[in-house]
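**Student:** Give the three-dimensional model of this entry:
(one chain, ligands or ions: 2)
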Amino acid sequence: SSAVSLENVTRRFNGVPAVDGLTLDIPDGEFFSLLGPSGSGKSTCLRLIAGFEQPDSGVIRLHGTDTASLPPYQRDVNTVFQDYALFPHMSLLDNVAYGLMVKGVGRAERMVRARAALARVELRDVLNRKPAHLSGGQRQRVALARALVNEPRILLLDEPLGALDLKLREQMQGELKTLQRELGITFIFVTHDQGEALSMSDRVAVFDQGRIEQVDTPRRLYFQP
Ligand code: ADP
Ligand code: ADP
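**Tutor:** Numbers count the residues shown, from 1 in each chain. Ligands and ions are numbered 1, 2, ... in the order given. So this is what the prediction gives:
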């Protein structure tokens, strides 16, 4: 079945389409990348799926449900951005548990789930540290744990590895693939790095000026003449 589908979706800013008649179908459990230059509409596409933007026309469905009147917090998606903000005065554990508190989850369950999410991203030994004492890679993992604690079926990632050095980047790429395999999460991954898109994805959509030029597997995109 389909995790995310877009049917002829358009979003304009000041009359100019940022996303222009997109049609897209992403099956459950797929690692799907949006690849393209800056300004080609990738982030807007992600924000439409998350519900941070509303389309001017077209239909967006999540697991078959029309999202037209579904606010962001009722969607089965979580978003990880490149410039993730952590609360500096809170421990990692509290940073990750915070979103559950807002949702009204009780303290005992919050702690269990936050510990599990931090263990998933290999941070079980630094639960009580404050963000200032973490490396860039560790902070990026906290941001991921903060999304995972909600047990989303769909994860939206907007250039999440852009700020990391090459070694950390490769490590995080492996960890995201492990989450896909072990938890069955559907990933929608925005990048302008062709190598990253080709190495990680089941399929890649190539964006240009708000439209999708091509959607295919890395193998078929790469070997096209
Ligand atoms: P990308 O993620 O590929 O860099 P974006 O989706 O951020 O592309 O942007 C697509 C186009 O829409 C760009 O021309 C950008 O300037 C414009 N745009 C995006 N968000 C807004 C906004 N909130 N207001 C006005 N224009 C926007
Ligand atoms: P990205 O390329 O990752 O989308 P941007 O720096 O283009 O990052 O956009 C960051 C924020 O600025 C987004 O919230 C977007 O909506 C907004 N934005 C982008 N382009 C414009 C624009 N031309 N006018 C107003 N807001 C914009």
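
**Student:** avg pLDDT for the longest helix seen in the chain?
**Tutor:** Ranked by number of residues, the top helix in the chain under DSSP state H is helix 166-183. Averaged over helix 166-183, pLDDT sits at 90.

**Student:** I'd like to know how many residues surround Ser38.
**Tutor:** Residues near Ser38, counting by other Cβ atoms under 10 Å, number 7. For glycine as for every other residue, the C-beta is placed from the backbone atoms N, C-alpha and C.

**Student:** That one reaches Phe207, doesn't it?
**Tutor:** No. Counting by Cβ atoms under 8 Å, Ser38 sits too far from Phe207 to count as a contact (10.4 Å).

**Student:** related to what we said a few turns ago, mind listing residues that contact the longest helix of the chain?
**Tutor:** Residues outside helix 166-183 that contact it (Cβ atoms under 8 Å, 6 or more residues apart in numbering) are 29, 31, 120-122, 136-137, 140-141, 144, 148, 155, 157, 160-161, 164, 185, 187, 189, 196, 199-200.

**Student:** ok, now stretch 52-68?
**Tutor:** 1-12, 19, 21-22, 28, 44, 47-49, 51, 70, 72, 75-77, 153-154.

**Student:** Using CSV, write down the CA coordinates of that stretch.
**Tutor:** The C-alpha coordinates for stretch 52-68 follow below in CSV (Å, rounded to 0.1, in the frame of the first residue of the first chain):
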residue,chain,number,x,y,z
PHE,A,52,3.2,23.1,7.5
GLU,A,53,2.0,24.3,4.1
GLN,A,54,-1.3,23.9,2.4
PRO,A,55,-1.5,23.2,-1.3
ASP,A,56,-3.4,25.6,-3.5
SER,A,57,-4.7,22.7,-5.4
GLY,A,58,-4.4,18.9,-5.6
VAL,A,59,-4.7,16.1,-3.0
ILE,A,60,-2.2,14.7,-0.5
ARG,A,61,-2.9,11.4,1.1
LEU,A,62,-1.2,9.6,4.0
HIS,A,63,-1.9,5.9,4.1
GLY,A,64,-4.9,6.6,2.0
THR,A,65,-6.4,9.4,4.1
ASP,A,66,-6.9,12.8,2.5
THR,A,67,-5.0,15.3,4.6
ALA,A,68,-6.9,18.4,3.5
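
**Student:** Buried residues, that stretch. List them.
**Tutor:** Under the neighbour-count criterion of 16 or more other Cβ atoms under 10 Å, stretch 52-68 has 53, 55, 58, 60-62, 67 buried.
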